[in-house]
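*Asks:* sequence-free structure coming up:
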């Protein structure tokens, strides 16, 4: 993706998020220079990969295959092993109309996916088999706002604004917006996008960036090179 495209997505996403009365934390608006200047005090932001995250899954077709994310807060995986500490994370995301976030599962993360507004959020769901791969036959049973919803394998769960689904580790899911762009909330166990994603197809998690202009804000994938 070109950096100019990334910058444009950030501007559009911020306006869309604000249109629902949601506000990102102050560090969202720090420039790259300000983040570098404050490097000594933003260790948790950098180490926990909080901030802007835009992906085209390495395919270069963001409008068709992609997702906007912003990690608002995040714990650390080491605390999960200890059973105490900050064991949770929160994201705000945007799934554009008919923009696919491809089929994947998580090894450790349980997550609530919440339609915060806009169009309808559609999820295609499968249960895992004994090896963790997609079970093409098993019935899917997931909690939707406290009630169990049952679907055939590969069934489509459609969430209207205000509705949410709980996905436990291992449940395979792909999703997209129907009718309009969708603002999505995610409340989950500690998030680790480097190690806790298993995609059905061999695709990447983070985009390759072509630097045709300066970044408006750094992406979490920029941190290792620009804030080391």
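*Replies:* Everything's here; your move. This is a predicted model, so every value here is computed, not measured.
*Asks:* next, name the residue at the spatial heart of the chain.
*Replies:* In the chain, the residue lying closest to the centroid (C-alpha atoms, centre = their mean) is residue 69, at 4.8 Å.
*Asks:* which ones are touching it?
*Replies:* By C-beta atoms under 8 Å, 6 or more residues apart in numbering, the residues touching residue 69 are 52-55, 91-93. (Each C-beta comes from the backbone N, C-alpha and C, glycine too.)
*Asks:* the residue lying closest to residue 174 once chain neighbours are set aside and residue 201, how far apart?
*Replies:* Counting by C-beta to C-beta, 6 or more residues apart in numbering, the nearest residue to residue 174 once its immediate chain neighbours are dropped is residue 103, at 4.2 Å. As judged by C-beta to C-beta, to the nearest Å, residue 103 and residue 201 stand 7 Å apart.
*Asks:* count of neighbours near residue 88?
*Replies:* Residue 88: 15 surrounding residues under other C-beta atoms under 10 Å.
*Asks:* residue boundaries of the strands in the protein?
*Replies:* Assigned by DSSP state E, the chain shows strands spanning 51-55, 67-74, 88-95, 101-106, 111-128, 134-135, 140-144, 147-151, 155-159, 164-167, 172-189, 197-199.
*Asks:* for the first one, packing partners?
*Replies:* Here strand 51-55 touches helix 3-18, strand 67-74, going by 3 or more C-beta pairs under 8 Å, 6 or more residues apart in numbering; DSSP states H and E.
*Asks:* switch the cut-off to 6 Å
*Replies:* If contacts are counted by 3 or more C-beta pairs under 6 Å, 6 or more residues apart in numbering; DSSP states H and E, strand 51-55 sits against strand 67-74.
*Asks:* relative to helix 3-18, how tilted is the strand it packs on?
*Replies:* Interaxial angle of strand 67-74 relative to helix 3-18 (axes from the mean of the first three to the mean of the last three C-alpha atoms, to 10 degrees): 70 degrees.
*Asks:* quick one: mean pLDDT for strand 67-74?
*Replies:* Throughout strand 67-74, pLDDT has a mean value of 98.
*Asks:* can you name the residues in contact with the worst-scoring helix or strand of the chain on mean pLDDT?
*Replies:* Every helix and strand in the chain was compared by mean pLDDT, DSSP states H and E; the lowest is helix 77-82, with a mean of 88. In this structure, residues lying in contact with helix 77-82 by C-beta atoms under 6 Å, 6 or more residues apart in numbering are 85, 87, 190, 192.
*Asks:* distance to residue 123, pLDDT and neighbour count added to these, as JSON lines?
*Replies:* Below are the contacts of helix 77-82 laid out as JSON lines (distance: C-beta to C-beta, whole Å; pLDDT from 0 to 100; neighbours: other C-beta atoms under 10 Å):
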{"residue": "85", "distance to residue 123": "30", "pLDDT": "94", "neighbour count": "13"}
{"residue": "87", "distance to residue 123": "24", "pLDDT": "96", "neighbour count": "15"}
{"residue": "190", "distance to residue 123": "22", "pLDDT": "97", "neighbour count": "20"}
{"residue": "192", "distance to residue 123": "21", "pLDDT": "94", "neighbour count": "20"}
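*Asks:* okay, and the beta partners of residue 114?
*Replies:* When bridges are called by DSSP bridges, residue 114 pairs up with residue 164, residue 185.
*Asks:* that one reaches residue 164, doesn't it?
*Replies:* Yes - Residue 114 lies in contact with residue 164 (C-beta atoms under 6 Å); the separation is 4.0 Å.
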